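Engineer: I would like the atomic coordinates for the input below:
(one chain, ligands or ions: 1)
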Amino acid sequence: MRKKIIAGNWKMNIKPGETAALVKAVAEATKDAAGIVDVVCCTPAIDIPAAVAAAAGTHVKIGAENAHWAESGAYTGEISTAMLADAGVEYVIIGHSERRQYFGESDETVNKRARAVIAAGLTAIVCIGETLEEREAGKLEEVIERQMNVGLKDISSTDAAKLVIAYEPVWAIGTGKTATPDQAQEVHALIRATLAKLVGAETAETVRIQYGGSMKASNAAELLAKKDIDGGLIGGAALKADTFAPIVAAAK
Ligand code: PGA
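Structural biologist: Next comes the predicted model:
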């Protein structure tokens, strides 16, 4: 049995001064899920200290939204996995489609970042997913396989214990359009089969695969009921405890 994981991706929302209140509200509203569902808030880097302090003593874990692959050095504006670990972060989102679209993220840099996150003892949430154009051109399988073969290169079956994959069809992110549960399950099964080739079938069965893209209270239960859907990566609905908590409840 894979433990479900519901992670909020705050993106570039929520100021440092607003952070503690949201984390505490999430902890309170999801306390029944403690020990049953992994509940994570991935916050902007500048919010991390406040988020970690507010989550202390609760079941809520804190994540970051990106990390550089170098341990330290002359990379102005960047944040290393060692810094994140030192700050109390446990999860790091890597390769979100917005980073691929706006900040030049490639499958190669996803791989470097994911390996650095895992080497630092943190869990990498590696995002993959096709655009509408790619889906309509019949390239879904090709895109997913490429993103995984390159993005997860040299990640061993031992490393896979520190890996979560988020399937986020780009056309469903922030658009209100959700993949149907069957559409999502089909891709999740493909992801698990591709993962089996990379890390072995037995390990692939243990890796959690989240769905992301307009997941909300009204569609979470039917998505999470699917065999290979092990959680959610939540954008818009993660910005308020009362829209996030019902998704966590659906994962119970
Ligand atoms: P959304 O974002 O829930 O607002 O669609 C999901 C994500 O981008 O992680």
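Engineer: Chain neighbours aside, what residue packs nearest to Ala119?
Structural biologist: The shortest distance from Ala119 to any non-neighbouring residue, by C-beta to C-beta, 6 or more residues apart in numbering, is to Thr81 (7.2 Å). Quick note: C-beta positions are derived from backbone N, CA and C, even for glycine.
Engineer: For whichever strand or helix holds Val126, which strands pair with it and how are they oriented?
Structural biologist: Applying DSSP states H and E as the criterion places Val126 in strand 123-128. If you go by DSSP bridges, strand 123-128 pairs up with strand 91-94 (parallel), strand 163-167 (parallel).
Engineer: need the next SSE after the last one, C-terminal direction.
Structural biologist: What that stands for is strand 163-167. Downstream of strand 163-167, the first helix or strand assigned by DSSP H and E is helix 181-199.
Engineer: mind listing the helices for the protein?
Structural biologist: For the chain, applying DSSP state H gives helices covering 16-29, 48-55, 81-87, 97-102, 107-119, 132-136, 140-151, 181-199, 201-204, 217-224, 241-251.
Engineer: Tell me which residues of the second one come out buried.
Structural biologist: When you say that, I think you mean helix 48-55. Of the residues in helix 48-55, 48, 50-52, 54-55 count as buried by neighbour count, 16 or more other C-beta atoms under 10 Å.
Engineer: quick one, that helix and helix 16-29 angle?
Structural biologist: 30 degrees (axes from the mean of the first three to the mean of the last three C-alpha atoms, to 10 degrees).
Engineer: quick check: mean pLDDT across helix 48-55?
Structural biologist: In this model, helix 48-55 carries a mean pLDDT of 99.
Engineer: Might you report the residue contacts of whichever residue of the stretch 151-252 of the chain sits closest to the ligand?
Structural biologist: For the stretch 151-252 of the chain and the ligand, the shortest gap (C-beta to the nearest ligand atom) falls at Gly235, measuring 2.3 Å. Contact partners of Gly235, counting by C-beta atoms under 8 Å, 6 or more residues apart in numbering, are 8-9, 11, 173-174, 212.
Engineer: again, but for Ala29
Structural biologist: Residues near Ala29 by C-beta under 8 Å, 6+ apart: 241-242, 244-245, 248.
Engineer: For Lys139, which non-adjacent residue is spatially closest?
Structural biologist: Glu130 is the one closest to Lys139 (C-beta to C-beta, 6+ apart), at 6.9 Å.
Engineer: wait, that neighbour sits on Ala137?
Structural biologist: No - assessed by C-beta atoms under 8 Å, Glu130 is found out of contact with Ala137, at 9.4 Å.
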